[in-house]
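Novice: Provide a 3D model corresponding to the input given below.
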Amino acid sequence: MWVRVGCLAIGYLFGLFQTSYIYGKAHGIDIRNYGSGNAGTTNMMRTLGTKAGLITFFGDCVKCMLAVGLVCLLFGKSHSEMLPLLKMYAAAGTILGHNFPFYLQFHGGKGIAATAGLVLSFDPIMSVLGIITFFGIFFTTHYVSLGSLLVYAGIMIEVLVLGQTGHFAMSQPLLCELYVVTAFLTVMAYWKHRGNIVRLLHGEERKTYLSSSKNKK
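Specialist: Have a look, this model is predicted:
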């Protein structure tokens, strides 16, 4: 039990590194007071440009990868039988820290860039499928929210399929726990995107482009 709590805590501490907030402050603004008010990649890209957005994405993605990497380093040998679960706890902690940073009155981002870190560090199969899904949707529709939501649906399905086919080499009780944590993250992502979902359904969602000039239209 305490190992799980420790992994969550490690992740949460890494998640507190709010790239968009720090970058925005360095440029004289609080990003939460601009655009959508979200402290994340998309709002940074629309507010301060493509460079700012890419830096934010990189920072938020890497912090999750570092948290997962540290957990592997600390518990990879002593708890090898449950390492995939511990990695998921570390990622969950990072996403929670990003979404709900205590020093910003729990007003952070939506956790998608941090989730990219989860996808890239959790399992190679999930990494490939996640990249294909997100960029396939983004470059065809230019809806970041839609790509993010479909990636999360993919994560849930992939974890279930890989788990039940023995890919993670864990016992069924540990697999069920892994499914619960993954389901929690998926539900939280959809809840954080509830406004985006409504706008998508009504055809009112704003598109995002890699070109700063197009984003300002």
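
Novice: In contact with the residue nearest to the spatial centre of the chain, which residues?
Specialist: Nearest to the mean C-alpha position of the chain, by C-alpha atoms, centre = their mean, lies residue 115 at 2.0 Å. Residues near residue 115 by C-beta atoms under 8 Å, 6 or more residues apart in numbering: 64, 91, 95, 148, 151-152, 155, 185, 189. Using the backbone N, CA and C atoms, a C-beta is placed for each residue, glycine as well.

Novice: Let me know the next secondary structure element after the top helix by length along the chain.
Specialist: Ordering each helix of the chain by length in residues (DSSP state H) puts helix 50-75 first. Downstream of helix 50-75, the first helix or strand assigned by DSSP states H and E is helix 83-99.

Novice: now that next one and helix 50-75, what's the angle there?
Specialist: 140 degrees (axes from the mean of the first three to the mean of the last three C-alpha atoms, to 10 degrees).

Novice: pLDDT (mean, whole number) over helix 83-99?
Specialist: The pLDDT scores in helix 83-99 average 96.

Novice: Just the C-alphas of the very next helix or strand once past it, formatted as PDB.
Specialist: Remark: after helix 83-99, the chain's next helix or strand is helix 112-122, criterion DSSP H and E. Coordinates of each C-alpha in helix 112-122 appear next as PDB, following Å, rounded to 0.1, in the frame of the first residue of the first chain:
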ATOM      1  CA  ILE A 112      -3.000  15.900 -21.800                       C
ATOM      2  CA  ALA A 113       0.700  16.700 -22.300                       C
ATOM      3  CA  ALA A 114       1.400  14.900 -19.100                       C
ATOM      4  CA  THR A 115      -0.600  12.000 -20.500                       C
ATOM      5  CA  ALA A 116       1.600  12.000 -23.500                       C
ATOM      6  CA  GLY A 117       4.500  11.400 -21.100                       C
ATOM      7  CA  LEU A 118       2.500   8.400 -19.700                       C
ATOM      8  CA  VAL A 119       1.900   7.000 -23.200                       C
ATOM      9  CA  LEU A 120       5.600   7.400 -24.200                       C
ATOM     10  CA  SER A 121       7.000   5.900 -21.000                       C
ATOM     11  CA  PHE A 122       4.500   3.200 -20.100                       C
END
